[in-house]
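Visitor: Fold the following for me, if possible:
(chains A and B)
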Amino acid sequence: MSEILIKNGFVFDPLNNINGEKMDIFIKDGKIVDKVSSKAKVIDASNMVVMPGGVDIHSHIAGSKVNAGRILRPEDHVKDFEVKTKVTRSGVGYSVPSTFTTGYRYAKMGYTTVFEPATPPLKTRHTHEELRDIPIIDKGCFPLLGNNWFIMEYLKENKLEECAAYVSWLLNAIKGYAIKIVNPGGTEAWGWGKGISHLDEEVPYFNVTPKEIVRWLCKINNILNLPHPIHVHTNNLGKPGNYVTTIETMDAVKDLSKDGKVSIHVTHVQFNGFAGTSWLNLASGAPEIANYINKNTHVEIDIGQVTFSDTTTMTADGPFQYILYLLSREKWVNADVEAETGAGVVPFRYKKSNYVNAIQWGIGLELALLIKDPWKIHMTTDHPNGGPFTHYPKVIAWLMSRKAREKTLNKINKNAKRRLDLPGIDREYTLYEIAIITRAATAKSLGLKNKGHLGVGADADVAIYNLNYKSLDPSKDYKLIKKAFKQTAYTIKDGEIVAKNGEIVSSSKGKIYWVNSKVAEDIQKSMLNNLKMKFEEYYTVKMENYIINESYLHNSFMLNVQSEV
Amino acid sequence: MEKIINNVVCTVCGCCCDDLEVKIKDGKIVEVKNACAVSLSKFQNYNGKERIVKPLIKENGEFKECDLKEAIEKASKILAEAKYPLIYGLSLTSTEAIGKAVELAEALGGVIDNTTSVCHGPSLIGVHDIGSVTCTLGEVKNRADLIIYWASNPVFSHPRHLARYTVFSKGKFRKERRERKLVVVDVRKTATAKLADMFIQVAPNQDYELLSALRMAVKGEEIYLNEVAGVPTSKIEELADLMISCEFGILFFGLGLTMSLGKSRNIDAALSLVRDLNERTKFLIMPMRGHYNVTGANEVIAWQTGYPFAVDFSQGYPRYNPGETTTIELLTRGECDAALIVGSDPAAHFPVSAVKHLMKIPVITIDPHKNATTLISTVVIPTAITGIEAGGTVYRMDGVPLECKKLVEPPLGLKSDEEIITEILVNVKKLKE
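Guide: Numbers count the residues shown, from 1 in each chain, chains lettered A, B, ... in the order given. Reported below is the predicted structural model:
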């Protein structure tokens, strides 16, 4: 493999405490090294910003519900297409891009690793088929476990070790990466057309509560030593007043923090940060949530920023998508999955003039600006729920420039502007902080030791932005920021230049990450014996056919994890 | 040598039953357990006299046998020289093969379409308009107390559907037949209708009217007519009450709805009815997809191009416009100048106007068996049978993906669809340079 020398760039590498220093980065055989030979290809990065490749912790890019979104919305694609080139396949956008286009667009923005955060285990073979067809970037997926029948039954019977062995088996069987919980118990209730509105409300027929489910899976996460904490979409998403549920959910696992580590990742908190009692008096719950997070060390979040556009909402929160359908009377897809979870898809347009949408926009930014420690925050739009991932440059500009925020604030619904704290917030993110919330903290939270930094031994995934750091005043030059983050000067993946000035110059297969969790054999064996019978009763497929072989991933990256049982 | 392979996925209909037990002796399938009559017939007869084992090229109106390399080269040349080739079929093969076919269509600047075009195409157009409230089949097994088959006769078309997934299945919350109600709506008293608790005979081509009347009844609006679509209003109201009062209902619909007068408008009405019912109870809907991987074809074409079938690459990017880019219309207008048919028999099933054009242009067929289309082909490439002689992924009618096993070796080392299409793709890319 070739060698590359990235010369004289302003390097931002927060995990190694490098904050805009002018320095060289050396690449050999796909890794960051400390020197290269004179034969190395030289990239002159003078007056440019060099960062590790971006890492996205939560973006719906692959699987059955994403494809349901694609099939639902030909009108989303027709205006936004990509013509094939010598190195790239053709495709379409906009809010639910086709697989090839997804990989290219991420790579052009300097992102090199993206996680699909919601896969129904039964349909994960589909997710992997799509991940195989997403070029360049590394990726992985989080199986949905918050409404799983076996887990709820183990919980009812208080069989913690056996349940841990089951979760371990499941992660291995379907090649998943982390435990995802969506509307715990609520999606199961939706199987009967019902919902759950309180953390202590019992799930019909299973007689366990959302709070118990979250605590149970958090304990299992600890037992299995999984690389990422439980990844939680709380109950009551999208309902006025739900910030209380969000804080209660965070607080429910406060005592389960292991060695002072984060015990819960709460996702797209904007959607869970509503104060007020109705749509008429909806307000931002961000100050209260930020206040809680500032006082506690066991929580981290991603924001799920709204970017004002036409988009396609999609979650495993079936009942929420139904509510959104009732509000919007738009097209609606629902897709419940036996014994496991559900899904919903509804097209949605966020308007600046709409009071509720404007408040939502404010909540996301307030969260990012009021939570003091950037290591507790990850930048997302919950793609495509708050807006497509291609809008990240806009979000970065809002975070880095008060002026950029003011410009948008002057265009949004006036009542919303009055009710938000945002106009009074002075904080502006630095590039160093942006590097934290878009790669360093994210890679760390996912337990990806070779990503999110540029130290020797790291994967040579690098983003070089055309941004003259020294002469730049991000506060005023937010347009330059937006432009620079839209397309890199260079994106390097595994030591190869894949994108240059917004063009894909070479395409590769990314790796698929999964956790190979190990538990004691005797526990696993007795668990499997009991599982087999119920598996046949609850599912319509055989257990053997549920399991996905490693070779199916084509380019698998297995992370070995030893559990405590 | 004798061995038994368990949990084999059946590659016949959209049920994709995954519990077959296949006994193999001396490299041949000698017994299949758990199979329905249709499945059994496939497993017993796939290697009969209709099987093609040698590639064929037609010269001066006569077929001559050739080797695989020659056939693939000839096929590649025809496709590469064509201005606007069509790739069609693709419902009886793996998603891996279909994905390669999409890449081939893109490289050729042609059109890719699958049999959805002539079966559940209107269902997908309905989804573009309305959406779809659906679930996996296990949800039905575990929860459903009301099952409706509309314009579908699964006793014949999907023989194990009722036993595995619906009225006769045993799930977590429903153990017995008497805990579920079965309703059949059809133009005649079918074999499935004979098992039903309620049968409604709809006048041919009036499903839209009946669905609309049901929507009114479900919404509590008064129907002033004495009967709609040949069904007494009292009966319509009775069915509406049954739908509203069930705990978990599902409507399965077949080609009688998609291919009768109204087409996608019928589906709009059915999808809307089920959506509206969710304001009263839990209700879902699912198309009875026919071929074992017609669903998978829609999935893979959609994730690669954004659209589920009938995708045109003539401009270098995916375009989709059913009615313009669908196979029958393309052929009838005489627009395609070559065709690659994978696992389908359009010459036997298409309207005469479309077949006439097909007979004028060079046709390449990839198929394990002789059929009407192989007879009119210029190149015939025999292939290993997916699900028996080749593995690969297939999608059940509810979108649950399953992996097929290779059970036995194909005769004379025949290659899989995926391998053949990949070889054509490699050749075409070279020829196009």
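
Visitor: and the residue in the stretch 151-300 of chain B positioned nearest to chain A, what does it touch?
Guide: Using CB to the nearest CB, the single residue of the stretch 151-300 of chain B nearest to chain A is B:K282, 3.4 Å away. Placement of C-beta: from N, CA and C, glycine included. Neighbour list for B:K282: A:G191, A:W192, A:G193, B:R143, B:E247, B:F248, B:G249 [criterion: CB atoms under 8 Å, 6 or more residues apart in numbering or on different chains].

Visitor: List the ones among those that fall in helices.
Guide: Mapping the contacts of B:K282 onto helices (DSSP state H) picks out B:R143.

Visitor: Export the contacts of B:K282 to JSON lines and append columns for neighbour count, pLDDT and distance to A:A62.
Guide: What follows is those, written out as JSON lines (neighbours: other CB atoms under 10 Å in any protein chain shown; pLDDT from 0 to 100; distance: CB to CB, whole Å):
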{"residue": "A:G191", "neighbour count": "26", "pLDDT": "98", "distance to A:A62": "24"}
{"residue": "A:W192", "neighbour count": "15", "pLDDT": "98", "distance to A:A62": "29"}
{"residue": "A:G193", "neighbour count": "19", "pLDDT": "98", "distance to A:A62": "29"}
{"residue": "B:R143", "neighbour count": "23", "pLDDT": "98", "distance to A:A62": "28"}
{"residue": "B:E247", "neighbour count": "14", "pLDDT": "98", "distance to A:A62": "34"}
{"residue": "B:F248", "neighbour count": "24", "pLDDT": "98", "distance to A:A62": "29"}
{"residue": "B:G249", "neighbour count": "25", "pLDDT": "98", "distance to A:A62": "31"}
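
Visitor: Inside strands: which ones of the contacts of B:K282?
Guide: B:F248, B:G249 (DSSP state E).

Visitor: For the residue of the stretch 151-300 of chain B closest to chain A, list each beta-bridge partner.
Guide: Note on B:K282: beta-bridge partners by DSSP bridges are B:F248.

Visitor: Report pLDDT for it.
Guide: pLDDT, B:K282: 98.

Visitor: ok, now A:S475?
Guide: As predicted, A:S475 sits at a pLDDT of 94.

Visitor: And it, how far from A:S401?
Guide: 5 Å (CB to CB, to the nearest Å).

Visitor: try A:L528
Guide: Distance of A:L528 to A:S401, computed by CB to CB: 55 Å.

Visitor: which residue packs closest to the residue of chain A found nearest chain B, ignoring adjacent ones?
Guide: Chain A approaches chain B most closely through A:E338 (2.6 Å), counting by CB to the nearest CB. Closest residue in space to A:E338, ignoring its immediate chain neighbours: B:G138 at 2.6 Å, by CB to CB, 6 or more residues apart in numbering or on different chains.

Visitor: for B:E31, same thing?
Guide: B:K23 (3.9 Å).

Visitor: Quick one: residues contacting the one you found.
Guide: Applying CB under 8 Å, 6+ apart, the residues near B:K23 are B:E2, B:K3, B:I4, B:I29, B:V30, B:E31, B:V32, B:K33.

Visitor: Who does it form a beta bridge with?
Guide: For B:K23, the beta-bridge partners under DSSP bridges are B:I4, B:E31.

Visitor: And it, how far from B:V408?
Guide: From B:K23 over to B:V408 (counting by CB to CB), the distance is 11 Å.
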